[in-house]
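# structural data only, the sequence is not supplied:
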């Protein structure tokens, strides 16, 4: 059975970028479960724990509708090294609970804390985030993500980042790389590009 998931950031009892999650969820429903009605904010998170700090909400849904809602405290991972891995066949267009295509990439570089997946020579995503690169003046996000995330779309809509075609060979021309997802804003997890191993796994 196909299952999909939305991961939503809850900051001090308030959901972040909820409209973007609803939009993506409804696109998925139209594609895979057209018999279901569109979801609203009340459907997605009818109750939010009113706790201080950062919480990760996980909403799982399938042909039966929403089947699971969980909340858990969230802390950033520590990442100091990133390896490039290549897969020209990888496909993760929809946010499925089956993350096998992504975990396989992570397993290619056990010596690194995280990987950047290269497809047809182009920079896509890490195993769990979108990417932004800083050239000393502006932030750019690859125009070839595996899964266009909600934080990525929010930052694009706000004009804080710009889309750009970025090849693996372009990475050394940037200064910084920021990993972004629903739980991490631009700059929350940021490394010098020197932390990216360019050759070993790609």
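Perfect, I can see it now. Keep in mind that this is a model prediction, so the values were computed, not measured. Numbering: from 1, shown residues only.

# could you use CA atoms for every contact and neighbour count after this?
Will do.

# low-confidence regions, this protein specifically.
Within the chain, the ranges that satisfy pLDDT under 70 run 198-202.

# which stretches of it form helices?
Under the criterion DSSP state H, helices of the chain are mapped to 18-32, 41-44, 100-107, 150-157.

# could you dump those helices to CSV with mean neighbour count?
Converted to CSV, the helices of the chain look like this (neighbours: other C-alpha atoms under 10 Å):
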stretch, mean neighbour count
helix 18-32, 17
helix 41-44, 12
helix 100-107, 16
helix 150-157, 18
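
# out of those helices, which gets nearest to residue 165?
If you check each of the helices of the chain against residue 165 by C-alpha to C-alpha, helix 150-157 wins as the nearest, at 14.6 Å.

# the closest one vs helix 18-32, what angle?
120 degrees (axes from the mean of the first three to the mean of the last three C-alpha atoms, to 10 degrees).

# ok, and what's touching helix 150-157?
Helix 150-157 has contacts (C-alpha atoms under 8 Å, 6 or more residues apart in numbering) with 17, 20-21, 130, 141, 161-163, 180-182, 184-185.

# next one: stretch 108-119
By C-alpha under 8 Å, 6+ apart, stretch 108-119 touches 78-90, 105-106, 123-127, 168, 201-202.

# quick one: the helices of the chain as a markdown table, columns for distance to residue 134 too.
Listed next are the helices of the chain as a markdown table, based on distance: least, C-alpha to C-alpha, whole Å:
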| stretch | distance to residue 134 |
| --- | --- |
| helix 18-32 | 24 |
| helix 41-44 | 34 |
| helix 100-107 | 24 |
| helix 150-157 | 14 |
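
# quick one: which of the ones you listed is nearest residue 52?
Judging those by C-alpha to C-alpha, what sits closest to residue 52 is helix 18-32, at 18.1 Å.

# which strands and helices lie in contact with the closest one?
strand 4-11, helix 41-44, helix 150-157 (3 or more C-alpha pairs under 8 Å, 6 or more residues apart in numbering; DSSP states H and E).

# for residue 136, grab phi and psi.
phi 100, psi -10 (degrees, to the nearest 10).

# burial of residue 39, as a residue count?
15 (other C-alpha atoms under 10 Å).

# measure it to residue 85 for me?
Distance of residue 39 to residue 85, computed by C-alpha to C-alpha, to the nearest Å: 37 Å.

# give me every residue that touches residue 102.
Applying C-alpha under 8 Å, 6+ apart, the residues contacting residue 102 are 92, 127, 128.
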